[in-house]
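with the input below, show me the fold.
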Amino acid sequence: MYATGLLLLFLLELAVLAVGGWWGWALDAGTPVRVAAAVAVPLLLAALWGVFGSPKARVPLPAAGKHAFQAAWFAAGGGMLALLGRPLAGVALVVSWALTVALLRRAGRPA
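Predicted coordinates:
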């Protein structure tokens, strides 16, 4: 069960990266800016995750800080979906993350 929860979290993390690329591509700008944003936004999100959110983060945060960062990161993904005209998908992303983390913690293993 724990491995399944971790897999789901990983897939949700990838979803946020994909949403970042989609959001960058959807900007109301010229093609070069859209291409740059479609590449830069997921790279920035991945860098932030690697520094603060991942299990092997370069900047170790206390548990509450790490959870707050992860919540903000997934909320940003949900917000980008809302800006893309998919608010229900944004809510579903954030709720899926929150439920997965809650179930993993209830099982006695932090996510």
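
so how far is L6 from the residue located most distally from the centre of the chain?
Checked against the mean C-alpha position of the chain, the extreme residue using C-alpha atoms, centre = their mean is G30, at a distance of 26.3 Å. According to C-beta to C-beta, to the nearest Å, G30 stands 40 Å off from L6. Where you see a C-beta, it was placed from the backbone N, CA and C, and this is true even at glycine.

and A46, by the same measure?
Computed as C-beta to C-beta, the A46 to L6 distance reads 18 Å.

cool, and A89?
To L6, A89 is 22 Å away according to C-beta to C-beta.

how far away from the center of its chain is stretch 98-111?
Stretch 98-111 sits 17 Å away from the centroid of its parent chain (C-alpha atoms, centre = their mean, to the nearest Å).

what residues of it count as buried?
If you call a residue buried by 16 or more other C-beta atoms under 10 Å, then stretch 98-111 has these buried ones: 100-101, 103-104, 111.

so for that stretch, what's the average pLDDT?
When pLDDT is averaged over stretch 98-111, the result is 84.

also stretch 17-31?
Averaged across stretch 17-31, pLDDT comes to 97.

got the end-to-end distance for it?
End-to-end span of stretch 17-31 (C-alpha to C-alpha, to the nearest Å): 20 Å.

so what touches stretch 12-31?
Here stretch 12-31 makes contact (C-beta atoms under 8 Å, 6 or more residues apart in numbering) with 33-42, 44-46, 49, 73-74, 76-77, 80-81, 83-84, 93, 96-97, 100.

now K66. Nearest residue, chain neighbours left out?
Of all residues not flanking K66 in the chain, G53 sits nearest, at 6.8 Å (C-beta to C-beta, 6 or more residues apart in numbering).

count the residues that sit near P32.
Per other C-beta atoms under 10 Å, the neighbour tally for P32 reads 8.

helix, strand or coil for A57?
Using DSSP: H, G, I helix; E, B strand; the rest coil, the structure places A57 in coil.

please name the nearest non-neighbouring residue to it.
Excluding the flanking residues, the one nearest A57 by C-beta to C-beta, 6+ apart is V51, at 6.2 Å.

now swap in V33 and tell me
That would be L27: by C-beta to C-beta, 6+ apart, it lies 6.5 Å from V33.
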